[in-house]
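**Student:** Got a predicted structure here, sequence first:
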Amino acid sequence: MKMPPPTPAQLRRLQQIERAFHVRAFGEELARVNLELTEAERWDYLSWMRTTAEHHGIDLRAQGVHAWMDRLEAEVEMEELVKETSSQP
Amino acid sequence: MTDKELHGFYLELVARLQARGILCAITSGLACVHFQLAETTKDCDLLCHPQNFSLLLDELAAQQVGGLPCAYRGNLSPPLDERWHRGGWTSHFNWGRGPGAVTLDVFGRALRGSGPWEGEVSGLYISPHIVAQMKRTNRDKDWPFITLLGTRLVKMGDQRGWLHIFSEDTLAELLRDFSCPAELLARRPALRLAVERDQRVRAALLAERLLWERLDALRISIYERALRPYLVAVRRARMPDGMPLAESHPIRLQCAEVHLAVSPLRDYGIERLIEAARHEAIHKSGLIAEATLWLPDVRENFAYLN
């Protein structure tokens, strides 16, 4: 579904639309991080965000798409430990 | 390992895998950062062609991080084997444990991908189209990213971007200056409503998002039930922490052959899954029954299981 690339005027309009959504969804600061920084600078910013989050006890992996697997493993571990404990003489 | 080192490690790893002839590409959060969308992920999600799994396993076994070997994550990871990946399972690896662990999640199939991902690799990354499809989860945080991946695709001249715009305002702004291909209007009822400036477009976009969220929630509940007996079997195998991959992989395979259904979603029934998700998205959410007409046909997004 390829179309010819947008003209410079169309590209400017698309960038405006994109920026407007960035601001609505994430706020002005992240819009700037996403649209004005280089990829390396964006990584530095993310590193600061992650460090701050972890410093305040936020487990970023608990929000991951596979977090349900970790929760299940913890649940099974507990059930198995209870079984093992109750089967001991 | 600092964040910068971690990022560099992932890029070098994937470049080395590709140099060895392994068909693979970074997807999800790391790809989003590359596509100008800051996401605070620490994990690397990798799409890898299942025919390259044994090569990948060899590479991971040989790769150490800070003197630590690569290992399957906990008891939960299905084996890196084509049979289970064809059924929608994923495999999970780490170097070290705890918050400082370096992790790698491997996907043989692009979940919710409507076509093969193998032709959509560009450098180290998969295309924004595949990332946007894979991000249709039941997590709120993914949805703004999907819309932005959509606008990025339109900017690149890839009209499939229109399939990923979930913001009513953004759709209206785009349609003021650009036209959406008729073929896509037929595939996505919410787009048709937007083109017709129908006021029900907001409800249609909401209904469509709810459908994807329910599909993902139901999918997880099905895989969770299927994973439980395998998890117990792996735990009872009592493999020591950090056991080399070459030793732990055959044990996981044995456990999976007995205890892990190859394709739980296909066993459950794709049509049944879609019907249940449609019901939950509309009737249990209090939307009007007419909203059913605004839902897209999502069967092609489960064709990866065939």
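**Tutor:** Thanks, I have it.
**Student:** And the helix or strand of chain A with the lowest mean pLDDT, what does it pack against?
**Tutor:** Sorting the helices and strands of chain A by mean pLDDT, DSSP states H and E puts helix A:39-55 at the bottom, at a mean of 87. If you count contacts as 3 or more C-beta pairs under 8 Å, 6 or more residues apart in numbering or on different chains; DSSP states H and E, helix A:39-55 packs onto helix A:28-36, helix B:3-19, helix B:28-34. Quick note: C-beta positions are derived from backbone N, CA and C, even for glycine.
**Student:** Can you say which of those helices is nearest to B:Pro50?
**Tutor:** Set against B:Pro50 and scored by C-beta to C-beta, the helices and strands packed on helix A:39-55 come closest in helix B:3-19, at 14.1 Å.
**Student:** The closest one to helix A:39-55, inter-axis angle?
**Tutor:** Orientation of helix B:3-19 against helix A:39-55 (axes from the mean of the first three to the mean of the last three C-alpha atoms, to 10 degrees) gives an angle of 120 degrees.
**Student:** close to chain A, is helix B:3-19?
**Tutor:** Yes. Residues of helix B:3-19 are located near chain A by C-beta under 8 Å from any C-beta of the partner chain, namely B:Asp3, B:Lys4, B:His7.
**Student:** Export those residues as JSON lines, with columns for distance to B:Val258 and neighbour count.
**Tutor:** Written out in JSON lines, the entries for the residues of helix B:3-19 next to chain A read as follows (distance: C-beta to C-beta, whole Å; neighbours: other C-beta atoms under 10 Å in any protein chain shown):
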{"residue": "B:Asp3", "distance to B:Val258": "41", "neighbour count": "17"}
{"residue": "B:Lys4", "distance to B:Val258": "44", "neighbour count": "12"}
{"residue": "B:His7", "distance to B:Val258": "39", "neighbour count": "20"}
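**Student:** of all these, which comes closest to chain A?
**Tutor:** B:Asp3 (3.6 Å; C-beta to the nearest C-beta).
**Student:** isn't the closest one right next to A:Trp43, touching?
**Tutor:** Yes. Counting by C-beta atoms under 8 Å, B:Asp3 does reach A:Trp43; the two are 6.8 Å apart.
**Student:** Show residues contacting stretch B:82-93.
**Tutor:** The set of residues external to stretch B:82-93 that reach it, using C-beta atoms under 8 Å, 6 or more residues apart in numbering or on different chains, is A:66, A:69, B:50-51, B:53, B:60, B:70-74, B:76-80, B:103-109, B:111, B:219, B:223, B:256, B:260-266, B:304-305.
**Student:** With stretch B:244-251 instead?
**Tutor:** Applying C-beta under 8 Å, 6+ apart, the contact partners of stretch B:244-251 are B:Leu57, B:Leu60, B:Ala61, B:Pro69, B:Cys70, B:Ala71, B:Tyr72, B:Pro79, B:Leu80, B:Val234, B:Ala237, B:Met239.
**Student:** Is it possible to mark the buried ones in the residues you listed?
**Tutor:** Members of the contacts of stretch B:244-251 that pass the buried threshold by neighbour count (16 or more other C-beta atoms under 10 Å in any protein chain shown) are listed as B:Leu57, B:Leu60, B:Ala61, B:Pro69, B:Cys70, B:Ala71, B:Tyr72, B:Pro79, B:Leu80, B:Val234, B:Met239.
**Student:** tell me the pLDDT at the closest residue to B:Glu120 other than its chain neighbours?
**Tutor:** Excluding the flanking residues, the one nearest B:Glu120 by C-beta to C-beta, 6 or more residues apart in numbering or on different chains is B:Ser127, at 4.0 Å. Looking at B:Ser127, its pLDDT reads 97.
**Student:** Chain A contacts on the stretch 201-306 of chain B?
**Tutor:** B:Ile220, B:Glu224, B:Leu227, B:Arg228, B:Leu231, B:Val232, B:Arg235, B:Arg236.
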